[in-house]
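S.K.: coords please:
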Amino acid sequence: MSDQRRPVVLVVDDSTDMLALMEKALSTEYEVITASDPGAAIEKAFGEPRPDLILLDVDMPDISGFEVCRAL
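M.R.: All right, here's what the predicted structure looks like:
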C-alpha cells in the first residue's frame with residue numbers, strides 16, 4: 001500500500017505481552033493501536049484514527065470484552 005491509508009485495528013487486552021505480540025503480527029499490513037483496559041478501549045474506538053476493526057479480549061478483569069462490545 002503506497003499512499004493509501006492502511007486499515008486501522010484496535011487491539012484490546014489486559015496483557016501487555018499479548019498486545020505487543022498482536023501489534024508485531026499485524027503492523028506490517030495494518031495501523032495498530034492498542035488499549036490495555038476497557039476505558040481506554042472505548043476512548044480510542046471513538047478517537048482518531050477511527051478503527052476499522054476492534055479485537056477484544058473477552059476475559060478482562062472488572063469489565064469483559066462482551067460488555068465493552070455492548071457499550072460500543
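
S.K.: For the lengthiest helix in the chain, list every residue counted as buried.
M.R.: The helix that spans the most residues within the chain, counting by DSSP state H, is helix 16-26. Buried positions in helix 16-26, judged by neighbour count with 16 or more other Cβ atoms under 10 Å: 19, 22, 26. From N, CA and C alone the C-beta is placed, and that goes for glycine too.

S.K.: and whatever helix or strand comes next after that helix, what does it pack onto?
M.R.: Tracing the chain C-terminally past helix 16-26 and defining elements by DSSP states H and E, one meets strand 31-35 next. The contact analysis (3 or more Cβ pairs under 8 Å, 6 or more residues apart in numbering; DSSP states H and E) places strand 31-35 against strand 8-12, helix 16-26, helix 38-45.

S.K.: swap the cut-off to 10 Å and go again
M.R.: Contacts defined by 3 or more Cβ pairs under 10 Å, 6 or more residues apart in numbering; DSSP states H and E place strand 31-35 against strand 8-12, helix 16-26, helix 38-45, strand 53-56.

S.K.: what's the first one packed up against?
M.R.: Spelled out, it's strand 8-12. Using 3+ Cβ pairs under 10 Å, 6+ apart, the elements in contact with strand 8-12 are helix 16-26, strand 31-35, helix 38-45, strand 53-56, helix 65-71.

S.K.: Check the offset of the worst-scoring helix or strand of the chain on mean pLDDT from the chain's centre.
M.R.: Each helix and strand of the chain was given a mean pLDDT (mean pLDDT, DSSP states H and E); the minimum falls on helix 65-71 at a mean of 91. Relative to its chain's centre, helix 65-71 lies at 13 Å (Cα atoms, centre = their mean, to the nearest Å).

S.K.: Could the C-alpha coordinates of that helix be exported in PDB?
M.R.: Provided in PDB are the C-alpha atoms of helix 65-71 (Å, rounded to 0.1, in the frame of the first residue of the first chain):
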ATOM      1  CA  GLY A  65     -14.900  -7.700  26.300                       C
ATOM      2  CA  PHE A  66     -18.500  -8.600  25.800                       C
ATOM      3  CA  GLU A  67     -19.500  -5.700  28.000                       C
ATOM      4  CA  VAL A  68     -17.200  -3.400  26.100                       C
ATOM      5  CA  CYS A  69     -18.700  -4.600  22.800                       C
ATOM      6  CA  ARG A  70     -22.200  -3.800  24.100                       C
ATOM      7  CA  ALA A  71     -21.100  -0.300  25.200                       C
END
